[in-house]
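Participant: Attaching a predicted model along with its sequence, questions to come.
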4 protein chains.
Amino acid sequence: MEQKTRIGVVGATGYVGMELVRILSGHPGFNLTCLVSHSHAGRLMSDIYPAFTRLADLPLQTLDPDQLATDCDLVITALPHGVSSKIVPQLLERGLKVLDHSGDFRYRDVSVYEKAYKLSHPCPELLQEAVYGLPELYRDAISRARLVANPGCYPTCSLLALKPLLENRLVKTEGIIIDAVSGISGAGRKADVAYSYCEAAENYKAYGIVGHRHTSEIEQECGYLAGLGQPLVVSFTPHLAPLKRGMLATVYADLLPDVQADRLQEAYLQAYENEYFIRLLPAGRSPETSHVAFSNFADISVQIDSRAGKAKVLCAIDNLGKGAAAQAVQSLNLMAGFSEGEGLKKPGHAL
Amino acid sequence: MEQKTRIGVVGATGYVGMELVRILSGHPGFNLTCLVSHSHAGRLMSDIYPAFTRLADLPLQTLDPDQLATDCDLVITALPHGVSSKIVPQLLERGLKVLDHSGDFRYRDVSVYEKAYKLSHPCPELLQEAVYGLPELYRDAISRARLVANPGCYPTCSLLALKPLLENRLVKTEGIIIDAVSGISGAGRKADVAYSYCEAAENYKAYGIVGHRHTSEIEQECGYLAGLGQPLVVSFTPHLAPLKRGMLATVYADLLPDVQADRLQEAYLQAYENEYFIRLLPAGRSPETSHVAFSNFADISVQIDSRAGKAKVLCAIDNLGKGAAAQAVQSLNLMAGFSEGEGLKKPGHAL
Amino acid sequence: MEQKTRIGVVGATGYVGMELVRILSGHPGFNLTCLVSHSHAGRLMSDIYPAFTRLADLPLQTLDPDQLATDCDLVITALPHGVSSKIVPQLLERGLKVLDHSGDFRYRDVSVYEKAYKLSHPCPELLQEAVYGLPELYRDAISRARLVANPGCYPTCSLLALKPLLENRLVKTEGIIIDAVSGISGAGRKADVAYSYCEAAENYKAYGIVGHRHTSEIEQECGYLAGLGQPLVVSFTPHLAPLKRGMLATVYADLLPDVQADRLQEAYLQAYENEYFIRLLPAGRSPETSHVAFSNFADISVQIDSRAGKAKVLCAIDNLGKGAAAQAVQSLNLMAGFSEGEGLKKPGHAL
Amino acid sequence: MEQKTRIGVVGATGYVGMELVRILSGHPGFNLTCLVSHSHAGRLMSDIYPAFTRLADLPLQTLDPDQLATDCDLVITALPHGVSSKIVPQLLERGLKVLDHSGDFRYRDVSVYEKAYKLSHPCPELLQEAVYGLPELYRDAISRARLVANPGCYPTCSLLALKPLLENRLVKTEGIIIDAVSGISGAGRKADVAYSYCEAAENYKAYGIVGHRHTSEIEQECGYLAGLGQPLVVSFTPHLAPLKRGMLATVYADLLPDVQADRLQEAYLQAYENEYFIRLLPAGRSPETSHVAFSNFADISVQIDSRAGKAKVLCAIDNLGKGAAAQAVQSLNLMAGFSEGEGLKKPGHAL
């Protein structure tokens, strides 16, 4: 790794941007050259995040696509949906490779996007080119991609749980339920009474109970996994727990007749035994969000509820890790020609 | 309420016992006369819970059924299962009315109990007499009962969510899923690394993923609600969130054909509009555990996921409140002939 | 208590206002008749605080002094400083008694106020009339007052700790240090990234390290307690801990020669043995904020650090309880002629 | 760094041991060869800390000094006091270098140790040889040491705050106050109701108010810093806040006449401008524990309270980082001849 790949982060002071800076500042292959922040341009990254003092202390700049093209080989856009779709084409035009964090390039069918996000898409032609950045599903395409759309956190967690079930046709495609919970950083860095310590600590609730945007993203990819010609309808309910970071999905699916526990275990083993960042738990152990916090790991357990005829699959990730920034780095490694796990094979926190 | 009913708590220093003491110490109809604690006999209640100093500062005694019979009209047993079934008969024999918090008297079919709790029941004849202490289901029987079995927290939360669906035959009886989360006080007051601050804060996990004891209790009562001659199989998954108190169940059921949103709302309104402690939330509002903490309220919302053909019902309670001690007081009010809400119509904490 | 005293809260949706509504809604002597909220007028109290549904569900009104004069006997103003001083005279003119929560009427010397708050006072003549609402110091004057200035939370906590030392001349008046910590609700109900769950949980810091406004308020009252003709200079440092509620002051003072432990204990006993809401802890026990949360209690322990020649006094209160709303109700009881502890002799939360 | 230094951890499953494993597993110069755990021998490190799966997954062994001598060049003992003093000599005898985490080798005067720890020391002769492992004070001696005693967390935090004041004779040596707070991991990994989530969350308290063991350790080193021939008496009060990790000391000292703010700033700048792991904060910024969590940094701010004639110095560290494991690695780097910051120049967590 003689020559480092120069990389920039647009939207560096949001939580995803912050976590990218944290991971990339210790990455042997990337050289962080540009941090762009609309709201804090002119200050240092460490003014906003003092933990970075002496470690990742770049100045925050305004967005200048020409400057990015001069200073970077690769750019990550960690911007709100509707903003990314305006900026990304300008970066691609200048010859940059881009990894985008928003929902703007995750869809194959523009009408599904426009319905879910209530926006008209300014560059739908890019949707055919963009690669859905879940390496466990699209590793090769990511390696060759000019534009990668980093998946949503809930979709990442749900799809990793469902992939072996759907690909192996072990469950009915109707009636799948995804009951999931996120830590509060999923809402982003914002001033809002609902996310204040006093109102969010010691509280638990559901939100977006029907019609959360990530539903359509999950359904698109489930459709592909199941080999359907269309999205696979699921029932998805997100919840909010008093955690800074962490996400857990509990997935329920009706087993097809004659699918037994050993067949189920075998499918998961086959799917994931060579995936470094997927850890299948031994029987009787349940994933815990603290075990994956600050890491790129997804911990998965699968069990049969035989009386109810259902598979129960649990998957835990860090919503800012495998659900956002760490997974982005996994894809960036592929895009830059590095080993897929470069800079990511570190323990999260045992405590 | 001229003459107060004398009441004793056996197991006063566990979290359920503590919450009972808190509620009963401010109750106009009951006079707390005895606090029994095996582990702390000889000390004051305020030695264990300094918050009670000057307010509920009785000495903690060893268990003496004769003394209880002398000093009390009613006794609450907040004991582990397997212990209650040995003590309760001794109290009943001495003419006391008893409300028991354990699983020992919640089952009609002793074989279901013995399988779930892996114990042989020493007095199965009492199972026919014991009344399941969920006032919204068994108000009249509770009023006349000599022995009330206070429901488990998960069953309370789940059954309140499901009652209108099952009684009105609005959903299929197969495939019901209950995905629920509890605060950590549900594990009781115990020294255990798994429940230590360092390991439990900022963590979220499932546990007892298949086969949690409360499943059989939920299934017994769902069977009655649905008018079946047998338990109704459900798939139940409990989770643990970093809350001291709080419980939320997200219930999924397949709607029968032609059941629309208005029929659903009507069923819930009809079931609960006269129930003081059940608050149906307006459309678009989701229950939050902090809104019911330290209270006897259950907040419920019901929605249709029409694409998936499912009803989603959410119910939030305080696992130590409506899920344990406050619900016990609701039943005790009925047993003692008081107004059902006596001592309970207080706001929990807005913060 | 045949006739209830009609009471209104101006600023009902802030955290102090909310806690006042919670306490007053269960108070036998007061009848909450008016809730005023500038920001939420036209909505119900339970829209902002759903925990109050069915319990304290008044409509929120705009401020109308004439209406308040018609509907109330007493008014509580829970408003920002600089706002209270404009509103309170209008209420007094209309014959209302007023308890104010801001700093606007806590000072005897207007120049000290104007320096601390960087405001010019519009009605300095009221400063002579206003009574500092710490019942353990000014019980009689509060009973007769037309205008009571509820103390700040830090001053309440600090002054209760210091009173026996200063009144009995047990310590040097130079060099007193007050190191204190507050829960996050002390910052009020506001949208601010610094108080968001993600930035405030699992974090601890100092703030206002030199020159916090409450310093001058503490110094004024310490001067009176010590019998000086002027404020007594202290060194005060506030900190912020990840608690919703709670405040603890650790006070250090240099013992005068020959003051021994028994003299110290005697002074505290004498000062507080007849004070219901002050609980002196036995030797070896330390106050904990959870023991006083949601209550009007102050728990105090005093110890000698003989090697250093210092008294260490610790005092724990709930910053919204004895530090704000509960203490206000204690004064309101006096103003309305009720028993001082009416509506307040309830356990906080053991958990 | 061609050849890695082989290193073992005795007491690997306590929190300090865990954090050592986390840091050392990513350290380029050390090769973790042995993990010893009395309580969990025979299991894998990842059985106790699943976050380490695939990353630091050594088997846990029983203690065998001969085996350690064969497999390691350096050994870290993270054991309780009284245990270390028995084990360490056995390791030294076998030619190993040792870094010990307990209080057993931190004292120069055995009688001070024996009074503070209420133990008789089995090998007092080692106290003269052992080096107090605070690199900012004893860098050179650590480099040459065979036995390093890692400082306590409170002493580390307090001494870094006080060093410039004492070395430069800027303050009186009488009357120094250290008011400090620790996160709960400071109590270690243990099953204890007092540290359970339900009792520790949302709670704040002092403990060991007079006579905490760390007082004597602080006093020994303050005596050296001040150039006294004896310990310098301080008044120290530790508190417990609901944090997993983090420590903040607020230090008060009486300024000598004519010491102004610029002299103070100059002293801190001179002491620390070349210290990578000490970050002096700009005026008006206060250290926050979250900014140093999971790192080896100490963030310090110094201010003058001119009215009271006092310096206020605040220092924040991670009690498991600079207060324990990370500081140990800083010393181990010196002992092994590596660059002092090797493996430690990483951002903690901005979130």
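Facilitator: Looks like it arrived, so ask away.

Participant: same for the longest helix anywhere in chain A, what does it pack against?
Facilitator: In chain A, ranked by residue count with DSSP state H as the criterion, the top helix is helix A:153-167. Helices and strands touching helix A:153-167, by 3 or more CB pairs under 8 Å, 6 or more residues apart in numbering or on different chains; DSSP states H and E, are helix A:135-144, strand A:177-182, helix A:214-225, strand A:235-240, strand A:247-254, helix A:261-272, strand A:298-305, strand A:310-317. To be clear about C-beta, it is placed using only N, CA and C from the backbone, and glycine gets the same treatment.

Participant: Quickly list the domain ranges of chain A.
Facilitator: A:5-129, A:154-319 (automatic domain parsing).

Participant: Would you mind extracting the C-alpha trace of stretch A:130-148 into PDB?
Facilitator: Provided in PDB are the C-alpha atoms of stretch A:130-148 (Å, rounded to 0.1, in the frame of the first residue of the first chain):
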ATOM      1  CA  ALA A 130     -25.300   2.800  -9.000                       C
ATOM      2  CA  VAL A 131     -24.400  -0.300  -7.000                       C
ATOM      3  CA  TYR A 132     -26.100  -1.100  -3.800                       C
ATOM      4  CA  GLY A 133     -23.300  -1.100  -1.300                       C
ATOM      5  CA  LEU A 134     -23.800  -4.200   0.700                       C
ATOM      6  CA  PRO A 135     -20.600  -6.200   0.100                       C
ATOM      7  CA  GLU A 136     -22.100  -9.400   1.300                       C
ATOM      8  CA  LEU A 137     -24.500  -9.200  -1.600                       C
ATOM      9  CA  TYR A 138     -22.800  -7.200  -4.300                       C
ATOM     10  CA  ARG A 139     -19.100  -7.500  -3.600                       C
ATOM     11  CA  ASP A 140     -17.900  -7.800  -7.200                       C
ATOM     12  CA  ALA A 141     -20.100  -5.000  -8.600                       C
ATOM     13  CA  ILE A 142     -18.900  -2.700  -5.800                       C
ATOM     14  CA  SER A 143     -15.300  -3.400  -6.800                       C
ATOM     15  CA  ARG A 144     -16.000  -2.100 -10.300                       C
ATOM     16  CA  ALA A 145     -18.400   0.700  -9.400                       C
ATOM     17  CA  ARG A 146     -18.000   4.400 -10.100                       C
ATOM     18  CA  LEU A 147     -21.000   5.100  -7.800                       C
ATOM     19  CA  VAL A 148     -22.000   3.100  -4.700                       C
END
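
Participant: Tell me the buried residues in it?
Facilitator: Applying a neighbour-count criterion of 16 or more other CB atoms under 10 Å in any protein chain shown, one finds A:130-138, A:142-143, A:145, A:147-148 buried in stretch A:130-148.

Participant: do the same with stretch A:164-183
Facilitator: A:164-168, A:170-171, A:173, A:175-183.

Participant: And the closest residue to chain D within the stretch 201-350 of chain A, what's its pLDDT?
Facilitator: As assessed by CB to the nearest CB, chain D sits closest to A:Ala350 within the stretch 201-350 of chain A, at 3.9 Å. In this model, A:Ala350 is scored at 73, pLDDT.

Participant: For the helices and strands packed on helix A:153-167, give me TSV that also has distance to D:Ile317 and mean pLDDT.
Facilitator: What follows is the helices and strands packed on helix A:153-167, written out as TSV (distance: least, CB to CB, whole Å; pLDDT from 0 to 100):
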stretch	distance to D:Ile317	mean pLDDT
helix A:135-144	37	98
strand A:177-182	31	98
helix A:214-225	39	98
strand A:235-240	32	98
strand A:247-254	30	98
helix A:261-272	39	97
strand A:298-305	31	97
strand A:310-317	30	98
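
Participant: I'd like to know which of these lies nearest to D:Ile209.
Facilitator: strand A:235-240 (38.9 Å; CB to CB).

Participant: Name the residues that touch the closest one?
Facilitator: A:154, A:158, A:175-182, A:184, A:186-187, A:200, A:203-209, A:212, A:214-215, A:218, B:179, B:181, B:248, B:250, B:252, B:305, B:307-308, B:310, B:312 (CB atoms under 8 Å, 6 or more residues apart in numbering or on different chains).

Participant: Got a ChimeraX select line for the buried ones in those residues?
Facilitator: Here is the ChimeraX command that picks out the buried ones among those, judged by 16+ other CB under 10 Å:
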select /A:154,158,175,176,177,178,179,180,181,182,184,186,187,200,203,204,205,206,209,212,214,215,218 /B:179,181,248,250,252,305,308,310,312
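
Participant: which residues does the residue lying closest to A:Val36 once chain neighbours are set aside form a beta bridge with?
Facilitator: Among residues not flanking A:Val36 along the chain, A:Val10 sits closest, at 4.3 Å (CB to CB, 6 or more residues apart in numbering or on different chains). Beta-bridge pairing for A:Val10 (DSSP bridges): A:Val36, A:Thr77.

Participant: my read: A:Val10 touches A:Leu79, true?
Facilitator: Yes. Using CB atoms under 8 Å, A:Val10 is in contact with A:Leu79, at 6.3 Å.

Participant: Between these two, tell me which one has more neighbours.
Facilitator: The neighbour count for A:Val10 versus A:Leu79, taken as other CB atoms under 10 Å in any protein chain shown, is higher for A:Val10 (28 against 24).

Participant: quick one, what contacts that one?
Facilitator: A:Val10 sits in contact with A:Val36, A:Leu63, A:Leu68, A:Val75, A:Ile76, A:Thr77, A:Ala78, A:Leu79, A:Ile87, where contact means CB under 8 Å, 6+ apart.

Participant: what's the distance between the fourth one and A:Gly8?
Facilitator: The gap separating A:Val75 from A:Gly8 is 5 Å, by CB to CB, to the nearest Å.

Participant: Now for those two: what residues contact both?
Facilitator: A:Cys34, A:Leu68.

Participant: Determine which stretch of the domains of chain A is the most buried.
Facilitator: Comparing the domains of chain A by mean neighbour count (mean count of other CB atoms under 10 Å in any protein chain shown), domain A:154-319 comes out on top with a mean of 21.

Participant: That one: how far from the chain's middle?
Facilitator: 12 Å (CA atoms, centre = their mean, to the nearest Å).

Participant: Determine how far the last residue of that domain lies from the first.
Facilitator: 8 Å (CA to CA, to the nearest Å).

Participant: Ok, stretch A:55-70 next?
Facilitator: Stretch A:55-70 end-to-end distance (CA to CA) = 24 Å.

Participant: What lies in contact with that stretch?
Facilitator: A:8, A:10, A:12-13, A:21-22, A:24-25, A:32, A:34-38, A:40-46, A:48, A:75, A:87, A:90-91, A:94-96, D:345-347.

Participant: and with 6 Å instead?
Facilitator: In this structure, residues lying in contact with stretch A:55-70 by CB atoms under 6 Å, 6 or more residues apart in numbering or on different chains are A:8, A:21, A:25, A:34-37, A:40-41, A:43-46, A:75, A:90-91, A:94, A:96, D:347.

Participant: mind checking how far it is from the chain centre?
Facilitator: Relative to its chain's centre, stretch A:55-70 lies at 24 Å (CA atoms, centre = their mean).

Participant: now the helices and strands packed on helix A:153-167 as a markdown table including distance to C:Gln3?
Facilitator: Below are the helices and strands packed on helix A:153-167 laid out as a markdown table (distance: least, CB to CB, whole Å):
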| stretch | distance to C:Gln3 |
| --- | --- |
| helix A:135-144 | 72 |
| strand A:177-182 | 51 |
| helix A:214-225 | 58 |
| strand A:235-240 | 46 |
| strand A:247-254 | 56 |
| helix A:261-272 | 71 |
| strand A:298-305 | 62 |
| strand A:310-317 | 60 |
